[in-house]
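S.K.: Predicted model and sequence below, questions to follow.
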Amino acid sequence: MSGIIAAADNPKAVVVAIHGGGTTAMYFDCPGHPELSLLRIGPTLGFTVIALDRPGHGSSAAYPEAVQTPQQRVDLAYGAVDRILGQQARGAGLFVLGHSGGCELATRMAADHRGAELLGVELGGTGRRYHDAAKEIMKAAEVKERPPGTRELLWEPLHLYPADILRGVTNSSTAPAYERDVALNWPHRYFPELAPAVRVPVRFTLGEHDRVYRGGDENIAEIAEMFSQAPSFTANTQPDAGHNLSLGLNAADYHRKVFAFVDDCVARRAGDEDREAG
């Protein structure tokens, strides 16, 4: 697997970022706009950031047989992080951030037996219920890849993004076969199956203008209930943001809030260790 690392000296923790469909690890570097980049903001706040090319994207696109099963993909992700970091400092440990389709892998990593060692997880741009327009597009996606209206669904309102980002500089030309299954079955099957196995703090974020997934108190409460074993669940609406939280004009604000949550998770871990030692 390939990816991008932005290392901090003596990091407080390592944030592993997992992109969604139709893009690459560059999603977290907002090309041409370093002030919005998760990878560039992280080290200034004391965090090492690794943005992985999800299994089936980047260098692993040439090995479809190695990314077919969920367990293969989880093992590859954990293995890639270990190889990328090598002997570099990890601070208090790993924190996983997933966006949109990347939330499936992020949640699987957290639900895995290794997930209990994570500091926490951020899930952005996902949910349990589609907006009506998204529901129609997902129905069409059962028989046609990227049906008409997909781009508008993911990127509107357009004024929330830098104009050059909309010209496709973050797009991936590959779409591994398993992604269709994930897209069709994540909200109603895999998400509710996996969430109860997560035992670390969870932060959940939807953009104020996300046109894919429904927010609102009732939908958020349903998601919170699924994370029945998580020690905490925090729900957030990111103002002036659409579906692609890390590429919008308000991305820096979103990223700083995520890192503030990671700080909280680091403090929580330190408190837990102090209590165990005492």
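M.R.: Alright, I've got the coordinates.
S.K.: and stretch 115-132, what's its mean pLDDT?
M.R.: Mean pLDDT, computed over stretch 115-132, is 97.
S.K.: Likewise for stretch 20-28?
M.R.: The predicted model assigns stretch 20-28 a mean pLDDT of 92.
S.K.: Same check on stretch 56-64?
M.R.: What stretch 56-64 shows for mean pLDDT is 91.
S.K.: buried stuff in stretch 147-155?
M.R.: Buried residues in stretch 147-155, counting neighbours by 16 or more other Cβ atoms under 10 Å, are found at 150, 153-155. Yep, even glycine has a C-beta here, placed from its N, CA and C like the rest.
S.K.: Sort those residues by pLDDT and name the bottom one.
M.R.: Thr150 (84).
S.K.: nearest spatial neighbour of that one, skipping sequence neighbours?
M.R.: Ile137 (5.9 Å; Cβ to Cβ, 6 or more residues apart in numbering).
S.K.: Centroid-nearest residue for this protein?
M.R.: Gly98 (1.0 Å; Cα atoms, centre = their mean).
S.K.: mind checking the SS state of that residue?
M.R.: Following DSSP: H, G, I helix; E, B strand; the rest coil, the label given to Gly98 is strand.
S.K.: Distance check, the closest residue to it other than its chain neighbours against Leu97.
M.R.: With Cβ to Cβ, 6+ apart as the criterion, Gly98 has its nearest non-adjacent residue at 2.8 Å, and that residue is Ala106. For Ala106, the distance to Leu97 equals 7 Å [Cβ to Cβ, to the nearest Å].
S.K.: now the strands: where do they sit in the stretch 1-150 of the chain?
M.R.: Assigned by DSSP state E, counting those that start in this stretch, the stretch 1-150 of the chain shows strands spanning 3-6, 13-18, 47-52, 94-99, 120-124.
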